[in-house]
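Q: Any chance you could fold what I've pasted below:
(one chain, ligands or ions: 1)
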Amino acid sequence: MWTPVGRGRWHGRALTVWAAAAAHRGLLKPRPTPTREAAAKSRTLDRLYSSADRKEKIDLSRFSVENIRNFSIIAHVDHGKSTLADRLLELTGTIDKTKNNKQVLDKLQVERERGITVKAQTASLFYNCEGKQYLLNLIDTPGHVDFSYEVSRSLSACQGVLLVVDANEGIQAQTVANFFLAFEAQLSIIPVINKVDLKNADPERVEKQIEKVFDIPSDECIKISAKLGTNVERVLQAVIKRIPPPKVHRKNPLKALVFDSTFDQYRGVIANVALFDGVVSKGDKIVSAHTKKTYEVNEVGVLNPNEQPTHKLYAGQVGYLIAGMKDVTEAQIGDTLYLHKQPVEPLPGFKSAKPMVFAGMYPIDQSEYNNLKSAVEKLTINDSSVTVHRDSSLALGAGWRLGFLGLLHMEVFNQRLEQEYNASVILTTPTVPYKAVLSSAKLIKEYREKEITIINPAQFPDKSKVTEYLEPVVLGTIITPDEYTGKVMMLCQARRAVQKNMMYIDQNRVMLKYLFPLNEIVVDFYDSLKSLSSGYASFDYEDAGYQTAELVKMDILLNGNPVEELVTIVHNVKAYRKNVLAKCYGGDITRKMKLLKRQAEGKKKLRKIGNIEVPKDAFIKVLRTQCDK
Ligand SMILES: Nc1nc2c(ncn2[C@@H]2O[C@H](COP(=O)(O)OP(=O)(O)OP(=O)(O)O)[C@@H](O)[C@H]2O)c(=O)[nH]1
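A: I've put the predicted structure just below:
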């Protein structure tokens, strides 16, 4: 077992803002229309899935537990996970080999348009190795930190991972974060150095980095080109040799973990399950440990990569199950399913995702409230990392306050609502979750607790009622070529960050660790980091609790009245009072009088505007402008 560098510091779910900031640039702006390439890919996928829509049932009983391998592909963003998945699907004959197979497991429209994976996708592959037939269950995961909840859940269904590292870029911040997710889950880790075909590839340097940072001997690395298919067969062989089969018992009563699910308007909930014990088949009566409701199983099967019904699913296998769950509240990710007559102790499930940013969401038109409610409920089945609280606003009506893992996550959720549910929404300016320790007995009674979390800035309690305010902090990891270290450090200091660690991962690359206030990095930190390092630095962060902070509520007044929808919480800075006389050094008193008179006239003009009614459109425009900045 390895003892990787700094392991003790890496507790918890690692999160980065890789694209949170990048996404912020495009937040709520019209998205580019799909490129020709995306449209062509979409057509290819449609053909692919319909041609593969074979309805004969596969008999999975021939795969004994020893012949099953469950693994995820994890990596820093763009290091080639989905491309490697394409080659593995081709090599095993799961899909036909054509030039058009590009990231075929990225099935969502948002994924094809943006060229990123946002949902983990499962595919079952059948592979013959040394005369034995193996069933390989592969899960392709997203690389962006905003979707790391997908990665950690996927790992619960696996015994091993392929840790893909780009042969040119080397270890990046998310490589480190994903490694530790797999390491803490005690999975077998196979390092795969990808893109060796690139002119600037330096696989030997990357091997050394892997040895230094993760303590994995360099002879365990497999060097491949997922694009060209070079050495990909060796990856499959390593999966069989180095990843153990699942530890399960088929003779025990059924114990199935729901690790993901989607909602189909005709068939209800489609649950992705990993069978820890037992067998399940069509017609079985099963119970949800979460709701205690009983259902009859209508269909079981594997994803190949589209749904392929099977007679049964056996312990050790990963597949899907449809059991007539029509209500969205019935489908809980992390739930355990068992046979009606054989109750079992439920599996531990998953830790809930911890939202990093909150924003208000309202229908553009209040008459759309119920449709939007149903869309949000259905989408959160497929994206369980979003938290939902009901909320309302004077100007925007009834809506919700939603919690996301980052701004890219927020944008993708919004885009999926539009594309998959035809829903149009207005989102308010995002905020991080602050806390306040209350001193006011009245407020403590009202909230029924002393320490409250503020997810809506309009509810920020006044300083006179509070002992202290707290802000969320994160432990950030930055990997940068050392020529930019000075500039990176200056940027971190400007963002109120405190340095915690620094180490060289090779001769000219530095890994820095800083404690950051979350609100200092959530918006544009990543953009600044990328621009000062010519695009070479990468960034990742993980939750590190809260620290005391000087916070103030910044109201925006309209004719003297605060506007609830535009309130923000900011770190306290000295107030700047505009002194119109500041530039009048001595001199003539009449000049000063003239300036003061002009200022008074300006104020009068403002008052003249009176108590106007601000149309809702105006709010929407202001909120959009705030988000676009
Ligand atoms: N030259 C070269 N390019 C590759 C190789 N593998 C992947 N790429 C390219 O790298 C880019 C990213 O590949 P993806 O497979 O989408 O990467 P990913 O890790 O799945 O990306 P996310 O899911 O968004 O994190 C694409 O443009 C691929 O064509 C390779 O072996 N060689």
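Q: And for the closest residue to the ligand within the stretch 1-150 of the chain, the neighbour number?
A: Residue of the stretch 1-150 of the chain nearest the ligand, by Cβ to the nearest ligand atom: residue 143 (2.6 Å). No exception for glycine: its C-beta is placed from N, CA and C like everyone else's. Neighbour count of residue 143, defined by other Cβ atoms under 10 Å: 28.
Q: ok, now how distant is it from residue 409?
A: Residue 143 sits 13 Å away from residue 409, going by Cβ to Cβ, to the nearest Å.
Q: For the residue nearest the centre of the chain, give me its contacts.
A: Centroid-nearest residue in the chain: residue 147, 1.8 Å away (criterion: Cα atoms, centre = their mean). The neighbours of residue 147, taking Cβ atoms under 8 Å, 6 or more residues apart in numbering as the test, are 117-119, 141, 385, 405, 409.
Q: Bridged to whichever residue of the stretch 451-600 of the chain sits closest to the ligand, which residues?
A: Per Cβ to the nearest ligand atom, residue 538 is where the stretch 451-600 of the chain lies closest to the ligand, at 12.2 Å. With DSSP bridges applied, the residues forming beta bridges to residue 538 are residue 479.
Q: can I assume it is in contact with residue 481?
A: No. Between residue 538 and residue 481 there is no contact under Cβ atoms under 8 Å: 10.8 Å.
Q: So which of the two has more stuff around it?
A: Set residue 538 next to residue 481 and count neighbours by other Cβ under 10 Å: residue 538 wins out with 26 against 14.
Q: Show me which residues of this protein are close to the ligand?
A: 75, 77-83, 103, 116-117, 142-143, 194-195, 197-198, 225-227 (Cβ under 6 Å from any ligand atom).
Q: quick revisit: and the contacts of residue 147, which are buried?
A: Buried members of the contacts of residue 147, counted by 16 or more other Cβ atoms under 10 Å: 117-119, 141, 385, 405, 409.
Q: Same list (those) but as CSV, adding distance to residue 265, pLDDT and secondary structure.
A: Shown next, in CSV, are those (distance: Cβ to Cβ, whole Å; pLDDT from 0 to 100; DSSP: H, G, I helix; E, B strand; the rest coil):
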residue, distance to residue 265, pLDDT, secondary structure
117, 24, 76, coil
118, 21, 74, coil
119, 18, 77, coil
141, 27, 88, coil
385, 23, 86, coil
405, 27, 88, coil
409, 24, 89, helix
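Q: okay, those in JSON lines with distance to residue 326 next?
A: Formatted as JSON lines, these follow (distance: Cβ to Cβ, whole Å):
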{"residue": "117", "distance to residue 326": "29"}
{"residue": "118", "distance to residue 326": "26"}
{"residue": "119", "distance to residue 326": "22"}
{"residue": "141", "distance to residue 326": "29"}
{"residue": "385", "distance to residue 326": "23"}
{"residue": "405", "distance to residue 326": "28"}
{"residue": "409", "distance to residue 326": "27"}
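Q: Can you tell me which of those is nearest residue 490?
A: residue 405 (28.1 Å; Cβ to Cβ).
Q: ok, now which ones touch that closest one?
A: 15, 145-149, 353, 355-357, 385.
Q: Report the separation between the nearest residue to residue 267 once chain neighbours are set aside and residue 161.
A: Excluding its sequence neighbours, the residue lying closest to residue 267 (Cβ to Cβ, 6 or more residues apart in numbering) is residue 322, at 5.4 Å. Separation of residue 322 from residue 161 (Cβ to Cβ): 28 Å.
Q: Looking only at neighbour counts, state which of the two leads.
A: residue 161 (30 against 20).
Q: Show me the beta-bridge partners of that one.
A: residue 72, residue 189.
Q: which residues in the stretch 251-400 of the chain form helices?
A: 369-382 (DSSP state H, counting those that start in this stretch).
Q: For the nearest residue to residue 508 once chain neighbours are set aside, report the pLDDT, please.
A: Nearest non-adjacent residue to residue 508, counting by Cβ to Cβ, 6+ apart: residue 482, 5.1 Å away. Looking at residue 482, its pLDDT reads 93.
Q: same deal with the one 5 residues further on?
A: The model reports residue 487 with a pLDDT of 96.
Q: these two touch, right, it and residue 533?
A: Yes. Counting by Cβ under 8 Å, residue 487 does reach residue 533; the two are 7.3 Å apart.
Q: For the two, indicate the residue with more neighbours.
A: Counted by other Cβ under 10 Å, residue 487 and residue 533 do not tie: residue 533 has more neighbours, with 21 against 15.
Q: returning to what we had before: can you tell me which of the contacts of residue 405 are classed as buried?
A: Applying 16+ other Cβ under 10 Å to the contacts of residue 405 flags 15, 145-149, 353, 355-357, 385 as buried.
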